[in-house]
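Colleague: kindly return the folded structure for what I paste below:
(2 chains)
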Number of protein chains: 2
Amino acid sequence: MNSNMEKPYVVGIDIGGTNTAFGIVDARGTIVASSSIKTGAFEEAEEYVDEVCKKLLPLIVANGGTDKIKGIGIGAPNGNYYSGTIEFAANLPWKGIVPLAAMFEERLGIPTALTNDANAAAIGEMTYGAARGMKDFIMITLGTGVGSGIVINGQMVYGHDGFAGELGHVIMRRENGRLCGCGRKGCLETYCSATGVARTAREFLAARTEESLLRAIPAESITSKDVYDAAVKGDKLAQDIFDYTGDILGEALADFIAFSSPEAIILFGGLAKSGEYIFKPIQRSIDKNVLPVFKGKTKLLMSELKDADAAVLGASALGWELKDLK
Amino acid sequence: MNSNMEKPYVVGIDIGGTNTAFGIVDARGTIVASSSIKTGAFEEAEEYVDEVCKKLLPLIVANGGTDKIKGIGIGAPNGNYYSGTIEFAANLPWKGIVPLAAMFEERLGIPTALTNDANAAAIGEMTYGAARGMKDFIMITLGTGVGSGIVINGQMVYGHDGFAGELGHVIMRRENGRLCGCGRKGCLETYCSATGVARTAREFLAARTEESLLRAIPAESITSKDVYDAAVKGDKLAQDIFDYTGDILGEALADFIAFSSPEAIILFGGLAKSGEYIFKPIQRSIDKNVLPVFKGKTKLLMSELKDADAAVLGASALGWELKDLK
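Modeller: Reported below is the predicted structural model:
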């Protein structure tokens, strides 16, 4: 009997600024039980962990008890894999350095690991999704920001400090670049995140005079979804916004390919679901910008994990890699 | 008796466009015997390998015979680690794909591996030099071009196709970038290689009117060494050239740090020997451009391998990783 048969489940906990979702997951990536709580309702990390455990434990018991759980994986902003801590996460209520993995491990007696959400997404994709069997790929998450998880030689890249893979913050425009939340200018995520797309929409609408379906929406409330809906209806300006976004993202991906020459780059997040409207310009831009030796070698793929489940699945996948507590 | 004691030596072969240098190296990085031949003198790879073996074998015999050699490492332009082949190397006389590692293995009966020269430099630095004990670092070679070797989790990054780590070809200037030998524009190596520095010198001399020691040299024959010599003598324009070079290299390194968060970046090559004239502006530019979470974390180091020995040492280091032939 191998240990996965003895311990057929892992637990995934996805900590977001608003909600914390968690679930019990089997080896095929099926979520057999799940629940959630409001992250922001707990000013103290101790209370927060208590509450997650209070709702999680009955689910574990209903599925055979803690002996059946191989490990707990946590995906969280600013999560440091090496230390199992969350460090100075701007969007979470707890200040400073919180030893979250150890807190869960103590309460539940189950080995627990933690990493940032984009790394969790990459591990999830490798375990259950489009990257199954791949040893070298890059996951790019296109959401409010641009996150990334890099896998090389079958291993997650954490860097010497646990924070590697901040590809949303490579500089794409060194002159007159857009101001980024990180305090610098021209970062990839100011152009290619969902908010970056909305920003491009406002810029294009202000700079150009042509008609567009987007003009019916107050400029400040335009979202990347609005741009997608307009593009689908044949709106030229909306399609130009995607072309512009894809150009810059393709330029960035071409540089990433020069770094690690991955078998695939996998896109995840709402923007990635804009399908060919965003994939075509990205692919065109990669082909135009990539070093000849890499041309046509790296696949551009969409995540195969369902949006609603992806975060919990990604976090849970980390649990399979854990060794039993001594 | 461990296998390094039974087999106390490795062989390093560095294949350059002009010369091929090779030597027998012990575990401390001492070259106990060495020799060289002209690479360009052999139009057929078979003849070339025969000649290397003819000169190498007596050295091996004099040091205890092939039984004492753990492995042979080869550093070569366009070397593919996975296949042990050199593929379409523009500066070597042999066309197409040459299975060089297998050719040496057949003739000498010693396990042989091959990689590109910058990767070999990184492995050499990890085995004998400034990166001893490091698991995450990036080697940047500043020569005629800009090469790189990336080590993550203690392993060389080869990518899915064996060609990862072409950091000399990330795009630093997307508008009006300098034309690169690769056919694209704005690559890092058009600015920060030794030839890039000479190019900057010619640009600055043409665009500016001030006096400079460099004006005594015909523009077309200025080298990065001339710029260094002038900078040492207090020449302002020469120092500006280094500042400009360091600015761009620091911008690039800041992006590389966002990728793999290395413990150190190690510079190698003639330009790196310009010491503080180039290190100060690079460090200043990294500090200015790096994402706050990485600030002050990555060391900027100079290679600790002697120039004359580095290529052979680097190639040889690959030999320690090899397993005995069956």
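Colleague: quick check, central residue of chain A?
Modeller: Per Cα atoms, centre = their mean, the C-alpha nearest to the average position across chain A is that of residue A:118, at 3.3 Å.
Colleague: that residue sits in which helix or strand?
Modeller: Assigned by DSSP states H and E, residue A:118 falls within helix A:117-128.
Colleague: distance from the chain centre to that helix, please.
Modeller: 8 Å (Cα atoms, centre = their mean, to the nearest Å).
Colleague: for the record, mean pLDDT for whichever helix or strand comes after that helix?
Modeller: Sequence-wise, the next helix or strand downstream of helix A:117-128 (DSSP H and E) is strand A:137-142. Averaging pLDDT along strand A:137-142 yields 96.
Colleague: okay, angle between strand A:137-142 and helix A:117-128 too, please.
Modeller: 130 degrees (axes from the mean of the first three to the mean of the last three Cα atoms, to 10 degrees).
Colleague: can you list the strands that strand A:137-142 pairs with?
Modeller: Using DSSP bridges, the strands paired with strand A:137-142 in its sheet are strand A:146-152 (antiparallel), strand A:264-268 (parallel).
Colleague: mind pulling up the pLDDT for residue A:46?
Modeller: Reported pLDDT for residue A:46: 95.
Colleague: wait, it touches residue A:103, no?
Modeller: Yes: with contact defined as Cβ atoms under 8 Å, residue A:46 counts as touching residue A:103 (7.4 Å). All C-beta atoms are positioned from the backbone trio N, CA, C, and that covers glycine.
Colleague: quick one on the thing from earlier: tell me what the helix holding residue A:118 is packed against?
Modeller: The helices and strands touching helix A:117-128, judged by 3 or more Cβ pairs under 8 Å, 6 or more residues apart in numbering or on different chains; DSSP states H and E, are strand A:9-15, strand A:69-75, strand A:137-142, strand A:146-152, strand A:155-156, strand A:264-268, helix A:307-320.
Colleague: and the fifth one, what does it pack onto?
Modeller: What it means is strand A:155-156. Here strand A:155-156 touches helix A:117-128, going by 3+ Cβ pairs under 8 Å, 6+ apart.
Colleague: return the residues in contact with whichever residue of the stretch 201-326 of chain A sits closest to chain B.
Modeller: Nearest residue of the stretch 201-326 of chain A to chain B (Cβ to the nearest Cβ) works out as residue A:261 at 2.5 Å. Taking Cβ atoms under 8 Å, 6 or more residues apart in numbering or on different chains, we find residue A:261 in contact with A:136, A:294, A:297-298, B:158-166.
Colleague: 6 Å - rerun?
Modeller: B:159, B:160, B:161, B:163, B:164 (Cβ atoms under 6 Å, 6 or more residues apart in numbering or on different chains).
Colleague: distance of the closest residue to residue A:146 other than its chain neighbours relative to residue A:190?
Modeller: Leaving out its chain neighbours, the residue that sits closest to residue A:146 by Cβ to Cβ, 6 or more residues apart in numbering or on different chains is residue A:168, at 3.3 Å. Residue A:168 is 9 Å from residue A:190, where distance means Cβ to Cβ, to the nearest Å.
Colleague: what does residue A:26 give?
Modeller: The spacing between residue A:26 and residue A:190, counted by Cβ to Cβ, is 40 Å.
Colleague: neighbour count for those two, which is higher?
Modeller: Counting neighbours by other Cβ atoms under 10 Å in any protein chain shown for residue A:26 and for residue A:190 shows that residue A:190 has the greater number, 27 against 14.
Colleague: and chain A, which of the contacts of residue A:261 reach it?
Modeller: Among those, the residues lying close to chain A (Cβ under 6 Å from any Cβ of the partner chain) are B:159, B:160, B:161, B:163, B:164.
Colleague: make JSON lines from the residues you listed and add secondary structure, pLDDT and neighbour count to it.
Modeller: Shown next, in JSON lines, are these (DSSP: H, G, I helix; E, B strand; the rest coil; pLDDT from 0 to 100; neighbours: other Cβ atoms under 10 Å in any protein chain shown):
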{"residue": "B:159", "secondary structure": "coil", "pLDDT": "96", "neighbour count": "26"}
{"residue": "B:160", "secondary structure": "coil", "pLDDT": "96", "neighbour count": "20"}
{"residue": "B:161", "secondary structure": "coil", "pLDDT": "94", "neighbour count": "17"}
{"residue": "B:163", "secondary structure": "coil", "pLDDT": "92", "neighbour count": "23"}
{"residue": "B:164", "secondary structure": "coil", "pLDDT": "95", "neighbour count": "26"}
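Colleague: now, which of those residues sits nearest residue B:56?
Modeller: Nearest to residue B:56 among those, counting by Cβ to Cβ, is residue B:163 at 27.5 Å.
Colleague: residues contacting the closest one?
Modeller: Contacts for residue B:163 were tallied using Cβ under 6 Å, 6+ apart; they are A:261, A:293.
Colleague: also residue A:140?
Modeller: A:148, A:267.
Colleague: show me what residue of the stretch 51-200 of chain A gets nearest to chain B.
Modeller: Nearest residue of the stretch 51-200 of chain A to chain B (Cβ to the nearest Cβ) works out as residue A:159 at 2.5 Å.
Colleague: and the nearest residue to residue A:190 once chain neighbours are set aside, what pLDDT?
Modeller: Excluding its sequence neighbours, the residue lying closest to residue A:190 (Cβ to Cβ, 6+ apart) is residue A:178, at 3.7 Å. For residue A:178, the pLDDT comes out at 98.
Colleague: do residue A:281 as well
Modeller: Looking at residue A:281, the pLDDT reads 97.
Colleague: same deal with residue A:199?
Modeller: Residue A:199 is given a pLDDT of 97.
Colleague: which helix or strand contains it?
Modeller: Applying DSSP H and E, one finds residue A:199 within helix A:194-207.
Colleague: and the stretch 151-300 of chain A, which residues reach chain B?
Modeller: Taking Cβ under 6 Å from any Cβ as the criterion, the neighbours of chain B within the stretch 151-300 of chain A are A:152-153, A:155, A:157, A:159-161, A:163-164, A:166, A:169-170, A:182, A:255, A:258-261, A:263, A:291, A:293, A:297.
Colleague: can I get the buried part of those residues as one ChimeraX selection?
Modeller: Entered in ChimeraX, the line below selects the buried ones among these, by 16 or more other Cβ atoms under 10 Å in any protein chain shown:
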select /A:152,153,157,159,160,161,163,164,166,169,170,182,255,258,259,260,261,263,291,293,297
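Colleague: any regions of chain A where pLDDT drops low?
Modeller: A:1-5 (pLDDT under 70).
Colleague: and for the residue nearest to residue A:314 when sequence neighbours are not counted, the neighbour number?
Modeller: Leaving aside its sequence neighbours, residue A:314 sits nearest to residue A:124 (Cβ to Cβ, 6+ apart; 3.0 Å). When neighbours are defined as other Cβ under 10 Å, residue A:124 has 33 of them.
Colleague: contact partners for residue A:264?
Modeller: Applying Cβ under 6 Å, 6+ apart, the residues near residue A:264 are A:137, A:299, A:301.
Colleague: make it 8 Å
Modeller: Residues near residue A:264 by Cβ under 8 Å, 6+ apart: A:130, A:131, A:134, A:137, A:138, A:298, A:299, A:300, A:301.
Colleague: then residue A:138?
Modeller: Here residue A:138 is in contact with A:122, A:148-151, A:167, A:253, A:256, A:260, A:262, A:264-266 (Cβ under 8 Å, 6+ apart).
Colleague: rewinding a little: out of residue A:46 and residue A:103, which sits in the busier spot?
Modeller: The neighbour comparison of residue A:46 against residue A:103 (other Cβ under 10 Å) goes to residue A:103, with 20 against 12.
Colleague: wait, the more buried one sits on residue A:44?
Modeller: No: the criterion here is Cβ under 8 Å, and residue A:103 misses it with residue A:44 at 11.2 Å.
Colleague: ok, back up a step: I'd like the contacts of residue A:138 laid out as JSON lines, including distance to residue A:7.
Modeller: Shown next, in JSON lines, are these (distance: Cβ to Cβ, whole Å):
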{"residue": "A:122", "distance to residue A:7": "23"}
{"residue": "A:148", "distance to residue A:7": "31"}
{"residue": "A:149", "distance to residue A:7": "25"}
{"residue": "A:150", "distance to residue A:7": "28"}
{"residue": "A:151", "distance to residue A:7": "24"}
{"residue": "A:167", "distance to residue A:7": "34"}
{"residue": "A:253", "distance to residue A:7": "38"}
{"residue": "A:256", "distance to residue A:7": "36"}
{"residue": "A:260", "distance to residue A:7": "33"}
{"residue": "A:262", "distance to residue A:7": "31"}
{"residue": "A:264", "distance to residue A:7": "30"}
{"residue": "A:265", "distance to residue A:7": "33"}
{"residue": "A:266", "distance to residue A:7": "28"}
